[in-house]
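A.B. asks: Pasting a predicted model and its sequence here:
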There are 4 protein chains.
Amino acid sequence: MTFELPLRVYYEDTDAGGIVYYANYLKFAERARTEALLALGFSQTELRDRLGLLFAVRSATIDYLAPARLEDQLVVTAEVTALGGSRIDMAQEVRRGDTVLARCRVTLVCIGADARPARIPPEVRTALGGLLPERGFS
Amino acid sequence: MTFELPLRVYYEDTDAGGIVYYANYLKFAERARTEALLALGFSQTELRDRLGLLFAVRSATIDYLAPARLEDQLVVTAEVTALGGSRIDMAQEVRRGDTVLARCRVTLVCIGADARPARIPPEVRTALGGLLPERGFS
Amino acid sequence: MTFELPLRVYYEDTDAGGIVYYANYLKFAERARTEALLALGFSQTELRDRLGLLFAVRSATIDYLAPARLEDQLVVTAEVTALGGSRIDMAQEVRRGDTVLARCRVTLVCIGADARPARIPPEVRTALGGLLPERGFS
Amino acid sequence: MTFELPLRVYYEDTDAGGIVYYANYLKFAERARTEALLALGFSQTELRDRLGLLFAVRSATIDYLAPARLEDQLVVTAEVTALGGSRIDMAQEVRRGDTVLARCRVTLVCIGADARPARIPPEVRTALGGLLPERGFS
């Protein structure tokens, strides 16, 4: 299952080139990850307050295929591509209609209060499995 | 009539104080103004491309009453308080439930390609009247 | 004495109107306040870690007089206009050469870990006095 | 030669996790690229106004090794790793003292007013060569 978040481009997102500033696609991606977690029943503030856990970004790769512009209505997707003990790999896209504007791969690590990798809690792991692409008989 | 835009607080909006960064309330306010205009049938990009007109902020005053936090679900309002030939005065609030977190007054001026004040087009003026508070018999 | 911080306008600061986005002037203002405090010998992180104190913005008023543009070299000023028990009023300007682009008034309140107003520590108060305009014989 | 831009971390750069928000490292990287070009004698606004040319980011990869925090004094580097007809590959780092906090690879493409790849002007190409790492006798 792929999570999809619709969002609008506002002035704050654009730059003097007349298009969405390149760093802001990572903001869009993070919004979709946060909403995906919330849709699965998990609040990051609740995980932090109750278990002292945080998801930190370890790496991000983004390909810019076509620019988004002011007032565009976009969709940002979030899909889990691999799930380790404390690590989540995600693939995300920013789309306008059928056009993919940006493709992004993000690796997150679950960390504890000591900033060291911590195991993703079982209930979060199970829920995140819902964002894995369908795998037929595997 | 007061326009209301719901929005979520994401990591990008917060700062190391654990609350929404003070400048970002102006981003929230601008999102609500853009959506209010769109709801009234006016696209700022369309006004720019067709008529060469832009709404520029001339002044903004904001009172911070209580902080917003990560994952908060907020509502941002937009109301027109005065409408001049080229000028729009707006009152806006950022609320979480019944709590007003910030109150903002913004003055916008319609400007042409030469950056000088220009008359607000009649159809925009009429539509913006829909954001004026009810005025009884006046 | 008026503190002055030079800064450059980058793509991140601009919007599709080709000018600096209106909320970002508040970022510039905050940078100048932080650097002014550091120049006076006070680190906000140190005040927070050692004394649990924070400076929260209570209100901000900003007048936009002329737009700043990409790659502009600006100067942002910071001056204390009034100093109360827990409150600081500041006047700030964003200038390009001799042209004032924006004028800003900010009220800050020193708050403790309980988010309630706290007295500004004496050594900070004394230092902030250095940002008060010269007052002749007073 | 590697270009180095010193910069300070302000509240605007941080998030509720107490560290610099992950997207903002791309802002830091862009600041260093802009200053590197300016140091080499090229203004992006001047290239746009005179030749209609823009540098668009085609892809970015960033590894987050350690977090930056409020008031940190950082250095952001910019180095050209490959130079094609219309393409520039750059390697950038964000450092605090001797610690590398983030490593970034960015591919830029020179585009014309029609948004299609355009040849990098000879004088810019020559100057950018100054950001290539030293190559001994080659």
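C.D. replies: In hand now; what should we look at?
A.B. asks: Can you get me a residue count around residue A:43?
C.D. replies: 14 (other CB atoms under 10 Å in any protein chain shown). To be clear about C-beta, it is placed using only N, CA and C from the backbone, and glycine gets the same treatment.
A.B. asks: meant to ask about residue A:52
C.D. replies: Count around residue A:52 with other CB under 10 Å applied: 12.
A.B. asks: For the spatially most central residue of chain A, pull up the helix or strand it's in.
C.D. replies: Centroid-nearest residue in chain A, with CA atoms, centre = their mean: residue A:33, separated by 3.2 Å. Using DSSP states H and E, residue A:33 sits in helix A:24-39.
A.B. asks: Next one: whichever helix or strand comes after that helix, is it in contact with chain B?
C.D. replies: Counting by DSSP H and E, the next helix or strand C-terminal to helix A:24-39 is helix A:44-51. Yes - contact of helix A:44-51 with chain B is found when judged by CB under 8 Å from any CB of the partner chain, involving A:44, A:45.
A.B. asks: before we move on, the earlier item: what comes up buried for the helix holding residue A:33?
C.D. replies: A:24-38 (16 or more other CB atoms under 10 Å in any protein chain shown).
A.B. asks: Next up, the contacts around the closest residue in space to residue A:38 that isn't next to it in sequence.
C.D. replies: Leaving aside its sequence neighbours, residue A:38 sits nearest to residue B:71 (CB to CB, 6 or more residues apart in numbering or on different chains; 7.3 Å). With contact taken as CB atoms under 8 Å, 6 or more residues apart in numbering or on different chains, residue B:71 is in contact with A:34, A:38, A:43, A:44, A:45, B:8, B:9, B:10.
A.B. asks: pretty sure the fifth one is touching residue B:69, no?
C.D. replies: Yes - under the criterion of CB atoms under 8 Å, residue A:45 lies in contact with residue B:69, with a separation of 7.3 Å.
A.B. asks: on that earlier part again, got the phi and psi for the residue nearest to residue A:38?
C.D. replies: With angles defined as degrees, to the nearest 10, residue B:71 sits at phi 70, psi 0.
A.B. asks: Is any residue of the longest strand seen in chain A near chain C?
C.D. replies: Secondary structure of chain A per DSSP state E: the longest strand is strand A:99-111. No - judged by CB under 8 Å from any CB, strand A:99-111 stays clear of chain C, getting no closer than 15.7 Å.
A.B. asks: buried residues in that strand?
C.D. replies: A:101, A:102, A:103, A:104, A:105, A:106, A:107, A:108, A:109, A:110, A:111.
A.B. asks: same thing with stretch A:45-56?
C.D. replies: For stretch A:45-56, by 16+ other CB under 10 Å, it's A:47, A:48, A:53, A:54, A:55, A:56.
A.B. asks: How about stretch A:4-12?
C.D. replies: In stretch A:4-12, counting by 16+ other CB under 10 Å, buried: A:4, A:5, A:7, A:9, A:10, A:11, A:12.
A.B. asks: Any stretches of chain A with poor pLDDT?
C.D. replies: Residues of chain A meeting the criterion pLDDT under 70: A:134-138.
A.B. asks: got the residues of it near chain C?
C.D. replies: Counting by CB under 8 Å from any CB, the residues of chain A that sit close to chain C are A:11, A:12, A:14, A:15, A:16, A:17, A:18, A:19, A:21, A:23, A:69, A:70.
A.B. asks: Next, format those residues as a markdown table and append distance to chain D and secondary structure.
C.D. replies: As requested, those are exported to a markdown table (distance: CB to the nearest CB, whole Å; DSSP: H, G, I helix; E, B strand; the rest coil):
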| residue | distance to chain D | secondary structure |
| --- | --- | --- |
| A:11 | 17 | helix |
| A:12 | 13 | helix |
| A:14 | 14 | strand |
| A:15 | 10 | coil |
| A:16 | 8 | coil |
| A:17 | 6 | coil |
| A:18 | 10 | coil |
| A:19 | 8 | coil |
| A:21 | 8 | coil |
| A:23 | 4 | coil |
| A:69 | 12 | coil |
| A:70 | 16 | coil |
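A.B. asks: Now list the buried members of those residues.
C.D. replies: Among the residues of chain A next to chain C, those that count as buried by neighbour count (16+ other CB under 10 Å) are A:11, A:12, A:14, A:15, A:16, A:17, A:18, A:19, A:21, A:23, A:69, A:70.
A.B. asks: Tell me the one of those residues nearest residue D:92?
C.D. replies: residue A:23 (13.0 Å; CB to CB).
A.B. asks: How much space separates that closest one from residue D:31?
C.D. replies: 11 Å (CB to CB, to the nearest Å).
A.B. asks: which residues are in contact with both of these two?
C.D. replies: With CB under 8 Å, 6+ apart, residue A:23 and residue D:31 have common neighbours residue C:12.
A.B. asks: Now stretch A:56-75: buried residues?
C.D. replies: Those would be A:56-60, A:62-64, A:67-72, A:74-75, for stretch A:56-75 by 16+ other CB under 10 Å.
A.B. asks: With stretch A:81-100 instead?
C.D. replies: Quick answer for stretch A:81-100 (16+ other CB under 10 Å): A:83, A:86, A:88, A:89, A:90, A:91, A:92, A:93, A:94, A:95, A:96.
A.B. asks: contact partners of that stretch?
C.D. replies: By CB under 8 Å, 6+ apart, stretch A:81-100 touches A:25, A:28-29, A:32-33, A:55, A:58, A:65-66, A:68, A:72-80, A:101-111, A:117-120, A:125, A:128-129, A:131-133.
A.B. asks: again, only this time at 7 Å
C.D. replies: The contact list for stretch A:81-100, computed with CB atoms under 7 Å, 6 or more residues apart in numbering or on different chains, reads A:25, A:28-29, A:32-33, A:65-66, A:68, A:72, A:74-80, A:101-110, A:117-120, A:125, A:128-129, A:132.
A.B. asks: Endpoints of it, how far apart?
C.D. replies: Criterion CA to CA, to the nearest Å; first-to-last residue distance in stretch A:81-100 is 18 Å.
A.B. asks: What of stretch A:68-87?
C.D. replies: Span of stretch A:68-87 from end to end, CA to CA: 30 Å.
A.B. asks: Could you report the distance from residue A:122 to chain C?
C.D. replies: Counting by CB to the nearest CB, to the nearest Å, the gap from residue A:122 to chain C is 34 Å.
A.B. asks: neighbours around that residue, how many?
C.D. replies: Neighbours of residue A:122 (other CB under 10 Å): 8.
A.B. asks: Repeat that for the one 4 residues further on.
C.D. replies: Here the count is done by other CB under 10 Å, and residue A:126 has 11 residues near it.
A.B. asks: List the contacts of it.
C.D. replies: So residue A:126 contacts nothing (CB under 7 Å, 6+ apart).
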